[in-house]
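# okay, here's the prediction I keep looking at, along with the sequence it came from:
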Amino acid sequence: MAALPSIAPLHDFTLRRNANGSVDIVCLNCLANAGTAFCELDLSLIEEAHRCEPSLLVDAINHCWSC
């Protein structure tokens, strides 16, 4: 039996490092701050727990069109 192709993640995230050593996790789909972590192990937990809010998606789309 052939291997199933990998499924792309539902969210893409970028990280923003802060002066106090914490890291903000920003969702690239809705542009929301999904959370802040001080420990690298918490990053995946925050990413897994994030759900885009439909209203934020509309705001992100409108922002992109106005640029």
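Looks like it came in fine. Being a predicted model, the structure only gives us computed values, none of them experimental. Residues are numbered from 1 along each chain as shown.

# where does this protein dip in pLDDT?
Across the chain, residues meeting the criterion (pLDDT under 70) sit at 1-11, 56-67.

# all helices for it, in order.
Remark: helices assigned in the chain by DSSP state H are 40-49, 54-65.

# where's the nearest residue to residue 26 once chain neighbours are set aside relative to residue 22, distance?
Sequence neighbours aside, residue 14 is the residue nearest to residue 26 in space, at 5.2 Å (criterion: C-beta to C-beta, 6 or more residues apart in numbering). For the C-beta atoms, the positions are set from N, CA and C on the backbone; glycine is no exception. Residue 14 sits 15 Å away from residue 22, going by C-beta to C-beta, to the nearest Å.

# these two: who's more crowded?
Counted by other C-beta atoms under 10 Å, residue 14 and residue 22 do not tie: residue 22 has more neighbours, with 14 against 10.

# was I right about that one contacting residue 37?
Yes: here residue 22 reaches residue 37: they are 6.6 Å apart, a contact under C-beta atoms under 8 Å.

# check contacts around residue 50.
11, 13, 25, 27, 32, 34-35 (C-beta atoms under 8 Å, 6 or more residues apart in numbering).

# restricted to strands, list the residues you listed.
If you go by DSSP state E, the contacts of residue 50 have 13, 25, 27, 34-35 in strands.
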